[in-house]
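1. Output the structure for:
(one chain, ligands or ions: 1)
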Amino acid sequence: MPRGPRTGLRTSVPIVSRRRCSKPSCNSPAVSTLTYVYADSTAVLGPLATYAEPHCYDLCQMHSERLTAPRGWEIVRITPDPDALKPSSDDLEALANAVREAARPRYEPGAPLPTEVPTGAVEVARRGHLRVLATVPEPDEPDDLFLDFDD
Ligand SMILES: [Zn+2]
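-> The predicted model follows:
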């Protein structure tokens with residue numbers, strides 16, 4: 001089954017089915033969405049997006065876990081709290097705010113210090129029970145995903 005061309009993603013168009021991994025030669029179901037923030041050399045990996053937008057790419061479970069950033073790039077993984085079963089609309093709004101804040105890597109004076117950070121990740125934002133984690137990329141053998149998606 002052929003996949004649709006990436007160039008078809010122009011504006012916010014709802015996609016409710018047949019979400020597939022954007023990785024070439026991979027046809028697994030997408031479980032997360034990768035969003036590029038070119039201005040900050042940051043890739044935000046979060047829950048599967050409701051809308052397809054420019055510079056957003058769906059990834060399957062395997063490629064989400066294997067995703068690494070080349071030198072100079074940072075990957076921000078949005079990890080909902082495991083205790084949160086079904087996100088409410090407030091959660092989604094908080095998530096969007098967290099992404100926007102993650103695109104501005106700076107701490108507000110007096111902001112609480114990050115706590116309970118998993119190994120290999122740095123917490124950069126927190127909204128309620130949603131946390132934004134920035135993984136520290138390994139310097140060797142970056143995934144070729146970024147090369148594949150060069151415009
Ligand atoms: Zn994949």
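2. Endpoint to endpoint, stretch 62-75 covers what distance?
-> End-to-end distance of stretch 62-75 (Cα to Cα, to the nearest Å): 16 Å.
3. what is the mean pLDDT for that stretch?
-> Mean per-residue pLDDT for stretch 62-75: 90.
4. That stretch near the ion anywhere?
-> Yes - counting by Cβ under 5 Å from the ion, the ion is contacted by stretch 62-75 at His63. For every residue, glycine as well, the C-beta is placed using N, CA and C.
5. And Met62, how far from Ala94?
-> If you measure Met62 against Ala94 using Cβ to Cβ, to the nearest Å, the figure is 28 Å.
6. which one of these two has more residues nearby?
-> Ala94 (18 against 13; other Cβ atoms under 10 Å).
7. Just to be sure, the more buried one is in a strand?
-> No - per DSSP: H, G, I helix; E, B strand; the rest coil, Ala94 lies outside any strand segment and is helix.
8. ranges for the helices of the chain?
-> Secondary structure of the chain (DSSP state H): helices at 61-66, 89-102, 145-148.
9. And those: which comes nearest Gly72?
-> helix 145-148 (10.5 Å; Cβ to Cβ).
10. Point out the residues in this structure that sit beside the ion.
-> Taking Cβ under 5 Å from the ion as the contact definition, the chain meets the ion at 21, 23, 26, 28, 60, 63.
11. and if we set it to 6 Å?
-> With Cβ under 6 Å from the ion as the criterion, the chain comes near the ion at residues 21, 23, 26, 28, 59-60, 62-63.
12. Quick one: those as TSV, columns for distance to Val76 too.
-> Formatted as TSV, those follow (distance: Cβ to Cβ, whole Å):
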residue	distance to Val76
Cys21	20
Lys23	19
Cys26	22
Ser28	22
Leu59	14
Cys60	19
Met62	19
His63	16
